[in-house]
Every structure is written in C-alpha cells, then in structure tokens.
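Visitor: I would like to see how this sequence folds:
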Amino acid sequence: MSADRIDLNLLRVFDAVFEDRNLALAGKRLHLSQSAISHALTRLRQVLGDDLFVRTGKGMEPTVRAHGMAMQVRGALQQIKAALGVDAFDPGGAQRKFVVAANDYITSLLLGRLSQRLSTEAPLVDLVIRPSTRLDLAGQIDVGRIDIAVGIFADIPSRFRSMTVWEQTDVLLLHREHPIAERPVTREDLLSYPLVAISQGGEEEGAVSGFIVERGLARQSEMFNRDALNAAFTDKGEAPRVRMSVAHSLAMPALLRHSNMLALVPSSLGRELERYGELKMRPTPYDCPNAAVRVVWHERNDADPALQWLRHQLGDVARQVRTC
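Guide: You can find the predicted model right below:
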C-alpha cells in the first residue's frame, strides 16, 4: 500500500464514521450525502485491504484495524489543521460541541459556571457532560469521544496533558442540629458517630487506595483520603465506621437531615453546600494532604484553537470555585 493513494478526504470520512458509527450522521457532519460517504469508505477499504466498519444492528462497528487507526488519524487531521492555520475559533459565532467528563459535584461547581459563560460568550456552542466514573475514560479520551476530563488523578500517562484548576482537602459536614454542631469535631467524635462518604467504585471494580487505573490513567474513585483517615487511628486500635457510601455527592443534604452521621467530603463541595445554611463544615481532626483537581486532555489537542479556548475558560471559572 502506498500513502500516495490515500486522499485526505477519505481520512476525514473515516474519522467521522468512527465518531458517529452511522453513515447518515457522518455525512451530515461533513456536508456530504450518505452515498458519497459510502463511496469514500469503499475506496478506503480497497486501499487498505480491510473492511474498517461492519454494519450491525447498533450501527457501523469498527474492525480491529479501524480501532488501531482511529487515534492516529484524528491526531494527524488536527495537526494538519493547526499547521495550515485554518479553523480559527470564534466563540461568538462558532458551532461546536464539547464533550467533558466530570463527576456530579465538579459538574455542579465548575461546569455550571462554565455553562453560564457559554450562554453569553458562545451561544452556539453545546456542552455534553459524561460521567468521569466510566471505566473506559482513558480509552474515550484516546479515540476523541471525550475532549476533556476533570477530576483527581494519581497518574497521568505521557500521551495526556493536564493543568491544575484548584486544590482541595477533606472536610466534615454535619447538620446544623447535630449534637456537636457548635464545637470542633474531635477524633473521638469520629468513633462515636458513623460516617457517610462518596465512593464511585471500590475494590470490587479494581480500585486500589481509592483509585482505578485503566490504560495508564489512575482516576479517583473514593472522594476522600481513606489512608489518611485510617492512619489517624492506628494508635486507638479501632477505626471510624463508614456506615454509608454513596455515588451521588449532591445527596448529602438529604442524608444528613434528621441524622447524626458525619459526611466526609471534598472541601470545595463542603463550602458550596454550607452556603445554603442547613449544613455546617468542620476541618477533619487529623492531617489530610491536599489533592489537585486537574483538567486532562490528549496531547494531540494541544494546538486545537477551540479546545485551547475551552481550557482557558475552565481555568478562568475555576478561580470562582477557589474563592467561593
């Protein structure tokens, strides 16, 4: 096979079909008829000697060869655009869809503020939020189905880039009518009152020390530092009881209402929930290191003007989170 036989437009068709898994949708994306998309795929199949896509009840399923090509093809197309200086991003008139992965409380804190900004500065831009807890998060970033992921990551592979948007630590939340609401929380209190914490994947899903690793990316699954909590009680011969683990952090007000539980949550979330007056935030009675909340993206998107703009907006609105 000679690379000279491959028309650049064939690769654009391949990329669109891989993304949409549907010939009609790919044609709409590229402003081509379904017949033109089908013809382009036939030409590319002949050049490469592979079916590339197999029609199934769920759409066009990529072959092993197609999966192996997808990331490199998309990266090459974006590098060509960057080299030519085309597709400059004008937020005021641009029609673009960004796909961001985040958990529920980061969505509430960061992406809610971003949505407000987009409505005025980029009214034609759409924002799609996917759960960052999905087990194939790194794979979805690799193939371009997720543009940016926001969260806490212990390890970030070299093919990904990142920037820190804020740092946080663990704090305790309790209801304003809790028996100890008017004083600091002690270590003895943590042994007397059960805890509720946020967990979006435990050991049964392969989590180690509160993180799940896949394709080299270690993402936080437990939204608290269990090691710091347990280390604080090694001299007491017993550990606090985490009576309840929940996946939805924004359920905390309802769970603490009419309850003596103490919630162990990220400080950014604690500040936000305390603002409404029903809950009170207290520091943990033990040392807990800070954790960095980061924006993560694939290296091939470094020069994408639209994603550069989006990362700038995320960093800008994150300052509101740090100061709230």
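Visitor: what separates stretch 284-296 from the chain centre, distance-wise?
Guide: Its chain's average C-alpha position is 17 Å from that of stretch 284-296, according to CA atoms, centre = their mean, to the nearest Å.
Visitor: okay, how far is it across it, tip to tip?
Guide: 29 Å (CA to CA, to the nearest Å).
Visitor: Buried residues in that stretch, which are they?
Guide: Neighbour-count burial for stretch 284-296, counted by 16 or more other CB atoms under 10 Å, picks out 284, 288, 291, 293-296. C-betas here are computed from N, CA, C, even on glycine.
Visitor: now, which of those residues sits nearest Ser221?
Guide: Relative to Ser221, the closest of the buried residues of stretch 284-296 is Ala291; by CB to CB it sits at 13.1 Å.
Visitor: shaky segments in the stretch 1-150 of the chain?
Guide: 1-5, 82, 84-88, 135 (pLDDT under 70).
Visitor: which other helices and strands contact the host helix or strand of Arg219?
Guide: Element membership for Arg219 (DSSP states H and E) is strand 217-220. Packing contacts for strand 217-220, counted by 3 or more CB pairs under 8 Å, 6 or more residues apart in numbering; DSSP states H and E, involve helix 137-142, strand 148-151, strand 153-155, strand 211-214.
Visitor: State the next helix or strand along the chain beyond it.
Guide: Downstream of strand 217-220, the first helix or strand assigned by DSSP H and E is helix 226-231.
Visitor: who does the next helix or strand after that following helix pair up with?
Guide: As assigned by DSSP H and E, the chain's next helix or strand after helix 226-231 is strand 242-246. Paired neighbours of strand 242-246 in the sheet (DSSP bridges): strand 195-198 (parallel).
Visitor: what sits up against the strand it pairs with?
Guide: With contact meaning CB atoms under 8 Å, 6 or more residues apart in numbering, strand 195-198 is reached by 105, 222-224, 240-249, 252, 255-256, 261-265.
Visitor: before we move on, back to that, please identify which of the buried residues of stretch 284-296 is nearest to Gly57.
Guide: Nearest to Gly57 among these: Val296, at 33.8 Å, using CB to CB.
Visitor: So what sits opposite that closest one in the bridge?
Guide: Per DSSP bridges, the residues bridged to Val296 are Ala149, Ser162.
Visitor: which residues does it contact?
Guide: 141, 148-151, 153, 156, 160-162, 217.
Visitor: Ok, His248 next?
Guide: In this structure, His248 makes contact with 104, 198, judged by CB under 8 Å, 6+ apart.
Visitor: which SSE is Ala40 in?
Guide: Using DSSP H and E, Ala40 falls within helix 34-48.
Visitor: Dump that helix to PDB, keeping only the CA atoms.
Guide: As requested, the backbone C-alpha atoms of helix 34-48 are provided in PDB (Å, rounded to 0.1, in the frame of the first residue of the first chain):
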ATOM      1  CA  GLN A  34     -24.800   9.200   2.500                       C
ATOM      2  CA  SER A  35     -24.000   7.800  -0.900                       C
ATOM      3  CA  ALA A  36     -20.800   9.900  -1.000                       C
ATOM      4  CA  ILE A  37     -19.800   8.600   2.400                       C
ATOM      5  CA  SER A  38     -20.400   5.000   1.400                       C
ATOM      6  CA  HIS A  39     -18.400   5.500  -1.800                       C
ATOM      7  CA  ALA A  40     -15.500   7.100   0.100                       C
ATOM      8  CA  LEU A  41     -15.400   4.200   2.600                       C
ATOM      9  CA  THR A  42     -15.300   1.700  -0.300                       C
ATOM     10  CA  ARG A  43     -12.300   3.500  -1.800                       C
ATOM     11  CA  LEU A  44     -10.500   3.500   1.600                       C
ATOM     12  CA  ARG A  45     -11.300  -0.200   2.100                       C
ATOM     13  CA  GLN A  46      -9.800  -1.000  -1.300                       C
ATOM     14  CA  VAL A  47      -6.600   0.900  -0.500                       C
ATOM     15  CA  LEU A  48      -6.200  -0.500   3.000                       C
END
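Visitor: where does the residue lying closest to Gly144 once chain neighbours are set aside land in three-state SS?
Guide: Spatially, and ignoring its direct neighbours in sequence, Gly144 is nearest to Arg74 (4.8 Å; CB to CB, 6 or more residues apart in numbering). Classification of Arg74 by DSSP: H, G, I helix; E, B strand; the rest coil places it in helix.
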